[in-house]
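Engineer: Whatever this is, show me its structure:
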Amino acid sequence: MTPTTATAPEVAPFRFFEMTVLRTRRLGPSILRITLGGPGAEGFSGGGRDQSLSVLLPRPGQSEAVVPAGGIGARRERGRALPEDERAVTRSYAVRAQRLRADGSTEVDVDVVLHAVGGPGCRWALTASPGDRLTVLGPAAADNAAVRFRPPADTDWVLIRADETALPAAAAALAWLPAGLPARVWLEVPCTEDRQALNTAAKARISWLVRNEGAACGVETVRAAALPGGTPYAWIAGEASGVRALRHHLVHERGFDRARVTSSAYWRRGLPEEQLRRAEAEAAAGAGSGGPEEPTGKKS
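Structural biologist: You can find the predicted model right below:
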């Protein structure tokens, strides 16, 4: 396969972009695609795989998000100084696709999951209209620390497991994989109509786990599967408890090298993104967060 580096760069080159909603399209009962672009998207560089961006959204009662001026550091500090009920709400999404058009302009697709009890991200997606402006924190270089899907060069086959929140990242990773590389893929979605046609040159065996069809969606699905031989790389993302259980299965029951299993909690049951970010930041650095943050790969 094409050689890749197993270690993410130390520097994450992100900056703010003032983007415009170009169009929206329903992909299924649970998923809405929002295409962003406009002059403010110049210099955006997604790079594929599980690249993420963050959108800054208004609080209820605000017509637009309160976004301090300046660079990332200045905006973060000024954002923290704002009252919590005024500062912008941050929601992170995978870059499902990026296209450079013939006129040189850039289009960026993000797919938003529409939960039954929607939060700020759902409210934004359902009301988004062409011409809407919003501030996006995203990559200015294709290879950066927000990209975590990094199969080492000696990978013989890839395992991917994702729920609907991680489906856009999984789809982008499949599109990135080199031709002929074996891949075993499980994708969980709420409804039959949420399944999508996926483009990949990899030798991928894709299993759709549809909850309204009664599909078994836990770790047992992978535990019961016969997996290929050779040296694997696994990428698993979605709800935190399911990700944790599957990682444990792969490392402790299947014997995967833990360094070859990338796991990302995109959401935690009963916990909004702000609290998930705060819990992870406190665990890692002993401090909370506030204001705009660099994309982390967590989506909601």
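
Engineer: Tell me the secondary structure at residue 141.
Structural biologist: Assigned by DSSP: H, G, I helix; E, B strand; the rest coil, the conformation of residue 141 is coil.

Engineer: For the residue lying closest to it once chain neighbours are set aside, give me its contacts.
Structural biologist: Sequence neighbours aside, residue 13 is the residue nearest to residue 141 in space, at 4.2 Å (criterion: C-beta to C-beta, 6 or more residues apart in numbering). To be clear about C-beta, it is placed using only N, CA and C from the backbone, and glycine gets the same treatment. Residues in contact with residue 13 (C-beta atoms under 8 Å, 6 or more residues apart in numbering) are 139-141, 144.

Engineer: at 6 Å instead, please
Structural biologist: 140-141, 144 (C-beta atoms under 6 Å, 6 or more residues apart in numbering).

Engineer: same check, this time on residue 94
Structural biologist: Counted by C-beta under 6 Å, 6+ apart, residue 94 has contacts 52, 168-169.

Engineer: what's the answer for residue 132, then?
Structural biologist: Applying C-beta under 6 Å, 6+ apart, the residues contacting residue 132 are residue 21.

Engineer: how near is it to residue 37?
Structural biologist: Noted for residue 132: a distance of 12 Å to residue 37, by C-beta to C-beta, to the nearest Å.

Engineer: Over to residue 27?
Structural biologist: From residue 27 to residue 37 the distance is 18 Å (C-beta to C-beta).

Engineer: Who has more neighbours out of those two?
Structural biologist: Looking at residue 27 and residue 37 with other C-beta atoms under 10 Å, you find the greater number of neighbours at residue 37, namely 22 against 17.

Engineer: quick one: the more buried one and residue 44, what's the gap?
Structural biologist: Relative to residue 44, and taking C-beta to C-beta, residue 37 is found at 9 Å.

Engineer: Residue 237 now?
Structural biologist: Separation of residue 237 from residue 44 (C-beta to C-beta): 22 Å.

Engineer: Residue 181: which of the contacts of residue 94 is nearest?
Structural biologist: Nearest to residue 181, judged by C-beta to C-beta, of those is residue 169 at 17.5 Å.

Engineer: Determine whether the claim that the closest one is in a helix is correct.
Structural biologist: Yes: counting by three-state DSSP, residue 169 is part of a helix.

Engineer: these two touch, right, it and residue 49?
Structural biologist: No: using C-beta atoms under 6 Å, residue 169 makes no contact with residue 49, being 7.4 Å away.

Engineer: Looking at these two, which is more packed in?
Structural biologist: Per other C-beta under 10 Å, whichever of residue 169 and residue 49 has more neighbours is residue 169, with 31 against 26.
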